[in-house]
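Quick one: sequence and predicted model below, then my questions.
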Amino acid sequence: MDIQAVTERLQLLSGETAEQLAQWAPVIASAVRMVELRMFDATDPADERLIHLAAVKALRMLEQSRWFQTAGDVTVQQSGQHKASALMLEDAEQACRGLLRDDAFAFLSV
């Protein structure tokens, strides 16, 4: 998957500059890898849905990091943004449903 494409999408979603996102390169790479590990073998890594999913995963990690850094001083606006990115992640996962392996685990009694 093209990390540059994911970074560009993340820039649009976050409102951060390219320079600000440069420090988050390892987080972006991690989000990309998480998506790649779940992709079916025949899945096209350039699929826009996957690019978007990786960017939204990176956005969530970025926001969670900031939330924990400011846990004593969280405003309503930050909370609303946090919820919005959670919904975006849910939607992105849903859009990629046929492209990714299910990583869920369920234990059923016998």
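Good, I have the coordinates.

where do the strands sit along the protein?
Counting by DSSP state E, one finds no strands in the chain.

Pull out the buried positions in the lengthiest helix in it.
Counting residues, the longest helix found in the chain (DSSP state H) is helix 48-69. Using 16 or more other Cβ atoms under 10 Å as the test for burial, helix 48-69 gives 49-63. To be clear about C-beta, it is placed using only N, CA and C from the backbone, and glycine gets the same treatment.

ok, so of those residues, who is nearest residue 5?
The closest of the buried residues of helix 48-69 to residue 5 turns out to be residue 51 (Cβ to Cβ; 5.0 Å).

wait, that closest one sits on residue 7?
No: checked against Cβ atoms under 8 Å, the pair residue 51 and residue 7 is beyond contact range at 10.0 Å.

if we look at stretch 22-41, which residues are touching it?
With contacts defined as Cβ atoms under 8 Å, 6 or more residues apart in numbering, stretch 22-41 is touched by 1, 3, 6-7, 10, 21, 45, 50, 53-55, 57-58, 61-62, 65, 96, 99-101, 103.

repeat that with 6 Å
1, 3, 6-7, 50, 53-54, 57-58, 61-62, 100-101, 103 (Cβ atoms under 6 Å, 6 or more residues apart in numbering).

In TSV, list the residues you listed along with distance to residue 31 and pLDDT.
Conversion of the contacts of stretch 22-41 to TSV gives the following (distance: Cβ to Cβ, whole Å; pLDDT from 0 to 100):
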residue	distance to residue 31	pLDDT
1	10	94
3	9	97
6	7	98
7	10	97
50	11	97
53	9	97
54	5	98
57	4	97
58	4	97
61	6	93
62	9	91
100	14	94
101	17	91
103	14	68
